[in-house]
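Visitor: With the sequence up front, the predicted model follows.
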Amino acid sequence: MTPSTMQHQHLKTERLSMPSNIARFNMIEQQIRTWEVLDPTVLALLDAVPRENFVAEAQRGLAFADIELPIGHGQTMLSPKLEARILQAVAVKKSDKILLIGTGSGYLTALLAKQAQHVVSVDIFPDLSETAGKHLKQQGIDNITLVVADAANGYPAAAPYDVIVFTGSVHVYPIEAEKMLNVGGRMFAVVGEPPIMQAILTQRATEGAANHETLFETYLPPLINARQPSKFEF
């Protein structure tokens, strides 16, 4: 390859990479910061992990948009600002073992794994889990266990956990999953019925008690097989 050809190739690569860098910067400044995510660790993580590498080729132009991207089976990739709020809320530590319910594209698994000791990421759809695994391998992320299972009520097989995150909404508060938290553990879940749901952060204070904080109101598509509320007849 001649010097002129090498220079042309370098400029071509630079042009291809620049839009993603600009779009990522705009995502962080215009979506993330304005939604009260100011934790420098979270902002640096969103800048470091390439979100565009976890979407289909045809969706790369929308990777940083403030929308939920479809990933198949009626499932969606969470919006960037919601992923950022989740990361800020659960405040992951390097010693944490995490349960992520809903692997999806694998992007949130990657973000959590970059901060944690280990992530158990569960999805009910084998093909989504397989594709996510390929994305994660490409990024060199290996402190994960990908599981194909129904974890609508948690995943007791690998419990207990320091952090639990639900990526789909649940109709009623997931008390079964709460019991899988270590003391000091945190859980993020969006609870309720449309159109308005509550994003709730749980912190397990003791073996028998937990604190619950409503962070914000939002809407999130329901988790498959989420437990239905009891119906009483009068």
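Guide: Sure thing, it's come through. Numbering: from 1, shown residues only.

Visitor: And the residue nearest the centre of this structure?
Guide: Centroid check for the chain by CA atoms, centre = their mean gives Leu108 as the closest residue, at 3.1 Å.

Visitor: Could I get the CA-only coordinates of the helix or strand where that one lies as CSV?
Guide: In this assignment (DSSP states H and E), Leu108 forms part of helix 107-115. Output of helix 107-115 as CSV, limited to C-alpha atoms (Å, rounded to 0.1, in the frame of the first residue of the first chain):
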residue,chain,number,x,y,z
TYR,A,107,-25.6,-3.1,25.7
LEU,A,108,-26.8,-2.7,29.3
THR,A,109,-25.1,-6.0,30.2
ALA,A,110,-21.9,-4.5,28.8
LEU,A,111,-22.3,-1.3,30.8
LEU,A,112,-23.0,-3.1,34.0
ALA,A,113,-20.2,-5.6,33.4
LYS,A,114,-17.7,-2.8,33.0
GLN,A,115,-18.4,-1.7,36.5
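
Visitor: From the contact counts, what lies against that helix?
Guide: helix 40-48, helix 80-90, strand 97-101, strand 118-123, helix 126-138, strand 144-148, strand 161-166 (3 or more CB pairs under 8 Å, 6 or more residues apart in numbering; DSSP states H and E). The way it works is simple: take the backbone N, C-alpha and C, and place the C-beta from them, glycine included.

Visitor: same for the following helix or strand past the first one, what does it pack against?
Guide: In the C-terminal direction, the helix or strand that comes right after helix 40-48 (DSSP H and E) is strand 69-72. Counting contacts by 3+ CB pairs under 8 Å, 6+ apart, strand 69-72 is packed against strand 75-77, helix 126-138.

Visitor: Figure out which of these is closest to Leu69.
Guide: strand 75-77 (4.3 Å; CB to CB).

Visitor: State which strand of this structure is the longest.
Guide: Assignment by DSSP state E gives strand 181-193 as the longest strand of the chain.

Visitor: in it, what's buried?
Guide: Neighbour-count burial for strand 181-193 flags Leu181, Gly185, Arg186, Met187, Phe188, Ala189, Val190, Val191, Gly192 (criterion: 16 or more other CB atoms under 10 Å).

Visitor: who's in contact with Leu82?
Guide: Applying CB atoms under 8 Å, 6 or more residues apart in numbering, we find Leu82 in contact with Thr218, Leu220.

Visitor: ok, back up a step: in JSON lines: the helices and strands packed on helix 107-115, plus mean pLDDT and distance to Leu201.
Guide: Shown next, in JSON lines, are the helices and strands packed on helix 107-115 (pLDDT from 0 to 100; distance: least, CB to CB, whole Å):
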{"stretch": "helix 40-48", "mean pLDDT": "97", "distance to Leu201": "15"}
{"stretch": "helix 80-90", "mean pLDDT": "97", "distance to Leu201": "5"}
{"stretch": "strand 97-101", "mean pLDDT": "98", "distance to Leu201": "15"}
{"stretch": "strand 118-123", "mean pLDDT": "98", "distance to Leu201": "18"}
{"stretch": "helix 126-138", "mean pLDDT": "98", "distance to Leu201": "25"}
{"stretch": "strand 144-148", "mean pLDDT": "98", "distance to Leu201": "23"}
{"stretch": "strand 161-166", "mean pLDDT": "98", "distance to Leu201": "10"}
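
Visitor: Tabulate those (CSV), appending distance to Thr202.
Guide: Output for the helices and strands packed on helix 107-115, formatted as CSV (distance: least, CB to CB, whole Å):
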stretch, distance to Thr202
helix 40-48, 19
helix 80-90, 10
strand 97-101, 13
strand 118-123, 18
helix 126-138, 25
strand 144-148, 22
strand 161-166, 8
